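Undergrad: using only what follows, build the 3D model:
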Amino acid sequence: MKKIITFSIVVIASAAIFASCSKTRTCTCTENGTTYTVSITSASKKTQQAVCASTTTTYGSTTSIRTCTLN
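TA: Sure, this is the predicted structure:
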């Protein structure tokens, strides 16, 4: 009986961890007055935050600012 309960707890905990790590989130960005949304799946929240980062890029004398938020 203890083995069944322990196995059940392990399965439930694994499912909870897996579900919390692979949520689909959206990244909404605005760049040069244009807003776009991208869905990010199959990644942990930390990785999704890294992908959905605000950036400033300079090409010669032109600077492009991208402001993003993870929802």
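Undergrad: now do the strands in this structure.
TA: With strands called from DSSP state E, the chain shows them at 25-31, 34-40, 55-59, 62-70.
Undergrad: so, low pLDDT: which residues of this protein?
TA: The model of the chain has pLDDT under 70 over residues 1-22.
Undergrad: try it again with 90
TA: Low-confidence segments of the chain (pLDDT under 90): 1-24, 31-33, 40-49, 51-55, 57, 59, 62-64, 71.
Undergrad: winner for burial among the strands of the chain?
TA: Stretch with highest mean neighbour count among the strands of the chain: strand 25-31 (a mean of 15; mean count of other Cβ atoms under 10 Å). (Glycine included, C-beta is placed from N, CA and C.)
Undergrad: now do that one: which elements does it pack against?
TA: Strand 25-31 is packed against strand 34-40, helix 45-51, strand 62-70, with contacts defined by 3 or more Cβ pairs under 8 Å, 6 or more residues apart in numbering; DSSP states H and E.
Undergrad: tell me which of these sits nearest to T26.
TA: Closest to T26 of these is strand 34-40 (Cβ to Cβ; 5.3 Å).
Undergrad: adjacent strands (with direction) for that closest one?
TA: Here strand 34-40 is paired, per DSSP bridges, with strand 25-31 (antiparallel).
Undergrad: the strand it pairs with to strand 62-70, inter-axis angle?
TA: 160 degrees (axes from the mean of the first three to the mean of the last three Cα atoms, to 10 degrees).
Undergrad: who touches strand 25-31?
TA: 35-40, 45, 48, 51-52, 54, 64-71 (Cβ atoms under 8 Å, 6 or more residues apart in numbering).
Undergrad: and the helices and strands packed on strand 25-31 as a markdown table, adding distance to R25?
TA: Converted to a markdown table, the helices and strands packed on strand 25-31 look like this (distance: least, Cβ to Cβ, whole Å):
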| stretch | distance to R25 |
| --- | --- |
| strand 34-40 | 5 |
| helix 45-51 | 5 |
| strand 62-70 | 6 |
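Undergrad: so which of the ones you listed gets nearest K23?
TA: Among the helices and strands packed on strand 25-31, the nearest to K23 by Cβ to Cβ is helix 45-51 (7.3 Å).
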